[in-house]
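**Q** Here's a sequence, model it:
(chains A and B)
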Amino acid sequence: DAGITQSPRHKVTETGTPVTLRCHQTENHRYMYWYRQDPGHGLRLIHYSYGVKDTDKGEVSDGYSVSRSKTEDFLLTLESATSSQTSVYFCATGGTSGGTGELFFGEGSRLTVL
Amino acid sequence: KNQVEQSPQSLIILEGKNCTLQCNYTVSPFSNLRWYKQDTGRGPVSLTIMTFSENTKSNGRYTATLDADTKQSSLHITASQLSDSASYICVVSHNTGGFKTIFGAGTRLFVKA
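**A** Here you go, the predicted model:
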């Protein structure tokens, strides 16, 4: 196992509230990713990081921000949660750029926005 | 546009039977293709990787094939077990700029006793 832990694993919140999901890795992988997974869709990239303080947007980044102050931690923040952000969020890490190598996934964080 | 299409969306088979899952892609230029297995409530785990020069690779009862000319891959599961019930996700990487990995929507496999 790649040693990726996500917290919280489950969260219910109300529209308009801020939410932060945390991803912690023990593998010292350079690259970290946040995906969301919804029925009928493949995993869609929200943001990714290629190093401490180095992040970039993915295909569905609107309404999300990220931060990476340490190699091992990658935070995903929803500044003002909306019902369309109800989803399962997965953090992944990898050793190669662009996600072309093997990705190691966390167990997921299920977020419900009421 | 780079896309990955998987079929069928879902599949039900009896324990002990074989099955084949399909993946068609339009990703170019091709770098590699991976199959991931995702158990319910868990994150995906890599099963196998195929590069341009490989056309068959096995991992236990799982055999992946790749036809780079037709841009198709398949995942064949032999002698299915209840534990094979999961989603199987095809992931294709390319060699151009930007983020390089495209995920299929997955095939949901149900193995029944």
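
**Q** Now do the contacts for the residue lying closest to A:Asp54 once chain neighbours are set aside.
**A** Spatial nearest neighbour of A:Asp54, excluding adjacent residues (CB to CB, 6 or more residues apart in numbering or on different chains): A:Arg68 at 7.4 Å. From N, CA and C alone the C-beta is placed, and that goes for glycine too. Listed by CB atoms under 8 Å, 6 or more residues apart in numbering or on different chains, the contact set of A:Arg68 reads A:32, A:49, A:51-55, A:74-75.

**Q** Provide the contact partners of stretch B:105-113 at residue level.
**A** Stretch B:105-113 is touched from outside by A:40-42, B:6-15, B:19, B:21-22, B:38, B:77, B:80-90, with contacts defined as CB under 8 Å, 6+ apart.

**Q** taking the mean pLDDT, what do you get for that stretch?
**A** Averaging pLDDT along stretch B:105-113 yields 97.

**Q** For the spatially most central residue of chain A, name its beta-bridge partners.
**A** When CA atoms, centre = their mean is applied to chain A, the residue found nearest the centroid is A:Trp34 (2.6 Å). The residues listed as beta-bridge partners of A:Trp34 by DSSP bridges are A:His47, A:Cys91.

**Q** and the contacts of A:Arg68, which are buried?
**A** Burial by neighbour count, judged by 16 or more other CB atoms under 10 Å in any protein chain shown, picks out A:32, A:49, A:55, A:74-75 from the contacts of A:Arg68.

**Q** could the residues you listed be laid out in CSV, adding secondary structure?
**A** Listed next are the buried ones among the contacts of A:Arg68 as CSV, based on DSSP: H, G, I helix; E, B strand; the rest coil:
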residue, secondary structure
A:Met32, strand
A:Ser49, strand
A:Thr55, strand
A:Phe74, strand
A:Leu75, strand
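
**Q** out of the residues you listed, who's nearest A:Thr93?
**A** A:Met32 (5.1 Å; CB to CB).

**Q** Touching, that closest one and A:Ser49? I think so.
**A** Yes - in this structure A:Met32 lies within contact range of A:Ser49 using CB atoms under 8 Å: 4.7 Å.

**Q** Quick check: residues of chain B near chain A?
**A** Contact residues of chain B with respect to chain A, defined by CB under 8 Å from any CB of the partner chain, are listed as B:4, B:31-32, B:34, B:41-46, B:49, B:89, B:91, B:93, B:98-106.

**Q** what about 6 Å?
**A** Counting by CB under 6 Å from any CB of the partner chain, the positions of chain B adjacent to chain A are B:31, B:42-44, B:46, B:93, B:99-101, B:103-105.

**Q** Alright, I will stop here.
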